[in-house]
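> Sequence and predicted structure, then a few things I'm wondering about:
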Amino acid sequence: MQYLSRLAFAAASIMLMLLALMLLVFGMVDLVTAFSHSAHAGRSALLQAISYVVIAVAVFDVAKYFVEEEVIQTSGKKSLGEARASLTKFITTIIIAVFIEGLVGVFESNTSEPSDILYPASLLVVATLIVLALGAFQRMSVDAEREKLKVGGE
């Protein structure tokens, strides 16, 4: 069953990596096409291409996380520190993607109606909340690790 699980995660990871690559290619083709029409169209396509790149990086990182944690990892249980570092690295990539997407949305809404700022602003708020939650997780897991060492050391 473990072999089947690894195979499924490997296949899903490869598919996600290919989709991320396709998103990058699509963004670049769209950007070049837009700039060939006009500079104004290129400006909008540039912001969209940034979004595509950020999303592609986040998707690729999810695939990489699957490969590292579910396909390659064979040692079974990890220490609390290793689990914390792995999850922190993964969540940090998601946080960066959400922040960049929010910033791109703010720039895109610069020329639109004022009510269009609500979605990108909410992304920035959500990203901030994720950072705070990650900080709380870090604090609790470090405290748990210290407690475990204290109990185990006595």
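That came in fine, so what should we check first?
> Excluding chain neighbours, give the residue nearest to K89 in space.
In this structure, K89 finds its nearest non-sequential neighbour in Y65, 8.0 Å apart by Cβ to Cβ, 6 or more residues apart in numbering. No exception for glycine: its C-beta is placed from N, CA and C like everyone else's.
> and that neighbour, what is it in contact with?
By Cβ atoms under 8 Å, 6 or more residues apart in numbering, the contact list for Y65 reads 86, 89-90.
> could you point out which element follows the host helix or strand of it?
Here Y65 sits within helix 39-66, counting by DSSP states H and E. Sequence order places helix 80-108 as the next helix or strand after helix 39-66, per DSSP H and E.
> What residues sit buried inside that next one?
84, 87, 90-91, 93, 95, 97-106, 108 (16 or more other Cβ atoms under 10 Å).
> Out of the contacts of Y65, which one has the lowest pLDDT?
Among those, S86 has the lowest pLDDT, at 80.
> residue nearest the centroid of this structure?
Nearest residue to the geometric centre of the chain (Cα atoms, centre = their mean): I94, 2.7 Å.
> Would you agree that one is in contact with A58?
Yes - applying Cβ atoms under 8 Å, one finds I94 in contact with A58, separated by 6.1 Å.
> what about L129, neighbour count?
12 (other Cβ atoms under 10 Å).
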